[in-house]
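Undergrad: Need coordinates for the following:
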Amino acid sequence: MLLVLFGVALLAGALNAVAGGGSFLTLPTLLFAGTAPVSANATSTFALWPGTVASAVAYRDDLATERRHLLPLCAVSVVGGLFGGGLLLRTSDTSFMRLLPWLMLLATVTFTFGGSVTARLRRARAHELSLWAFALQFVIAIYGGYFGGGIGIMMLAVMAVAGMTNIHEMNALKVLLAIAINGIALAEFVVQGAVAWQPGLVMAAGGIIGGFAGARIARQLPAAPVRTFVTIVAWTMTAYFFVRAFA
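TA: Next up is the predicted model:
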């Protein structure tokens, strides 16, 4: 089973770097492996976070033009992620499993349709990040600290409306903010003992390798077939958890 967890995390880390959606693989796999629901969500965050950091290293050169926004956006992301992580730790396993199908549905719909919406919004071409953009980032960060599926697409949409047009710069900023959101939530999970360490460490190793490799090849690999694969997995997992919840 540990080999399966490693392989799933390897693929998930690569998917996160190329098109997103890695948590659609890691969370269900941990649940199928018998990890308690809240712990599985916390462990999934732990497993994918190092891979996100590895992706950021590969994207570091693309952050040059957006550094003036980094500090305030990171601050908003940290506060929101802290709040969302705290909410998760106060949720019982039973309540989380009742919420999970709806969280999966929100993440799946966002992933499926968010790309086209972002592309349209990017044409609006505003010129500056305003207060509404920071407010939306705060809401996304709360959701990200609690669950996290689809936050990459959500952040890209906000950046597009705010006027950013360079997709590589947007991806770099998105990755850095995801590190802030999930990193602060992960710190809470570790302190509160919510992480299942054995599967978490195995998956983290796979996520690091997949995240770094995925970011390195992201510009050469066509994103469309990757997104199609993730979309199929996401809808399948969403349907499964709805059937499980209401069976």
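Undergrad: next one: stretch 86-102 to chain centre, how far?
TA: On the basis of C-alpha atoms, centre = their mean, to the nearest Å, stretch 86-102 sits 17 Å off its chain's mean C-alpha point.
Undergrad: for that stretch, which positions count as buried?
TA: Buried residues in stretch 86-102, counted by 16 or more other C-beta atoms under 10 Å: 86, 88-89, 91, 96-97, 100-101. Heads up, the C-betas are built off the backbone N, CA and C, glycines and all.
Undergrad: With distance to Gln192 and secondary structure added, can I get those residues in CSV?
TA: Rendered in CSV, the data for those read as follows (distance: C-beta to C-beta, whole Å; DSSP: H, G, I helix; E, B strand; the rest coil):
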residue, distance to Gln192, secondary structure
Gly86, 9, helix
Leu88, 10, helix
Leu89, 5, helix
Thr91, 12, coil
Phe96, 15, helix
Met97, 19, helix
Leu100, 20, helix
Pro101, 25, helix
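Undergrad: The residues you listed into TSV, with extra columns for pLDDT and distance to Trp235?
TA: Compiled in TSV, these are given as follows (pLDDT from 0 to 100; distance: C-beta to C-beta, whole Å):
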residue	pLDDT	distance to Trp235
Gly86	95	30
Leu88	95	24
Leu89	94	29
Thr91	93	24
Phe96	91	21
Met97	90	19
Leu100	89	15
Pro101	90	12
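Undergrad: can you redo those residues as a markdown table with distance to Val202?
TA: Shown next, in a markdown table, are the buried residues of stretch 86-102 (distance: C-beta to C-beta, whole Å):
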| residue | distance to Val202 |
| --- | --- |
| Gly86 | 27 |
| Leu88 | 22 |
| Leu89 | 23 |
| Thr91 | 25 |
| Phe96 | 23 |
| Met97 | 24 |
| Leu100 | 23 |
| Pro101 | 27 |
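Undergrad: Need the max-distance pair from the residues you listed.
TA: Farthest pair in those (C-beta to C-beta) is Gly86 and Pro101. Separation: 22.7 Å.
Undergrad: CA atoms only: put stretch 36-46 into PDB for me.
TA: What follows is stretch 36-46, C-alpha atoms only, in PDB (Å, rounded to 0.1, in the frame of the first residue of the first chain):
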ATOM      1  CA  ALA A  36      -9.800   8.900   9.300                       C
ATOM      2  CA  PRO A  37     -11.500  11.700   7.200                       C
ATOM      3  CA  VAL A  38     -10.200  14.800   8.900                       C
ATOM      4  CA  SER A  39      -6.700  13.300   9.300                       C
ATOM      5  CA  ALA A  40      -6.800  12.200   5.600                       C
ATOM      6  CA  ASN A  41      -7.500  15.800   4.600                       C
ATOM      7  CA  ALA A  42      -4.700  17.100   6.800                       C
ATOM      8  CA  THR A  43      -2.300  14.400   5.600                       C
ATOM      9  CA  SER A  44      -3.200  15.200   2.000                       C
ATOM     10  CA  THR A  45      -2.100  18.800   2.600                       C
ATOM     11  CA  PHE A  46       1.100  17.500   4.200                       C
END
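Undergrad: what separates that stretch from the chain centre, distance-wise?
TA: Here stretch 36-46 shows a centroid-to-chain-centroid distance of 13 Å under the convention C-alpha atoms, centre = their mean.
Undergrad: Same check on stretch 27-35?
TA: Put simply, stretch 27-35 sits 17 Å off its chain's centre (C-alpha atoms, centre = their mean).
Undergrad: What are the buried residues along that stretch?
TA: By neighbour count with 16+ other C-beta under 10 Å, stretch 27-35 contains the buried residues 27-31, 33, 35.
Undergrad: Check stretch 185-199 too.
TA: For stretch 185-199, burial by neighbour count (16+ other C-beta under 10 Å) applies to 185-186, 188-189, 194-196, 199.
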